[in-house]
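Fold the following for me, if possible:
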Amino acid sequence: MNILGFEIKSKEEREQEEREYLHRIFPGGTAQKAAVEQQLKERLPREDKKAVMLYYILVKDAMTAGNGMSFEEAVEIRTPDTTVRSRMLYPAELLTHAAV
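Numbering: from 1, shown residues only. Sure, this is the predicted structure:
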């Protein structure tokens, strides 16, 4: 339902969208999510684990969304500061292992 330009969705619709989104980000389910969290923790031990996981999700979202950005394009959009980008990111396997 659309009221004054705002899309109002039922609880079921919101839950379905959330399940679809989570499946797109972590097609392997909770096991894949746990594996990603562990790898991020091992590779970036000094970084805030919640911030790194959010960064991972944002980049993965950009890569798997309808427009399907490349890894490099998604990173450029999410991290405009080169010093932060070089500190946060390792080679593309950090994100692409979960994209398989």
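
centroid residue for the chain?
Closest to where the C-alpha atoms of the chain average out (Cα atoms, centre = their mean) is I57, at 1.3 Å.

Correct me if wrong: that one contacts R24.
No - with contacts counted by Cβ atoms under 8 Å, I57 stays clear of R24, the gap being 10.4 Å. Heads up, the C-betas are built off the backbone N, CA and C, glycines and all.

List the contacts of the residue nearest to the centre of the chain.
I25 (Cβ atoms under 8 Å, 6 or more residues apart in numbering).

Would you state the predicted confidence (pLDDT) at it?
According to the prediction, I57 has pLDDT 89.

Looks to me like it is in a strand.
No - under the criterion used here (DSSP: H, G, I helix; E, B strand; the rest coil), I57 is helix, not part of a strand.

pLDDT at the residue nearest to T64 when sequence neighbours are not counted, what is it?
Among residues not flanking T64 along the chain, R24 sits closest, at 5.1 Å (Cβ to Cβ, 6 or more residues apart in numbering). At R24, the pLDDT value in this model is 91.

Now R24: which helix or strand?
In this structure, R24 sits in helix 11-25 according to DSSP states H and E.

How about residues contacting that helix?
9, 29, 57, 60-61, 64.

one more time with 7 Å
57, 60-61, 64 (Cβ atoms under 7 Å, 6 or more residues apart in numbering).
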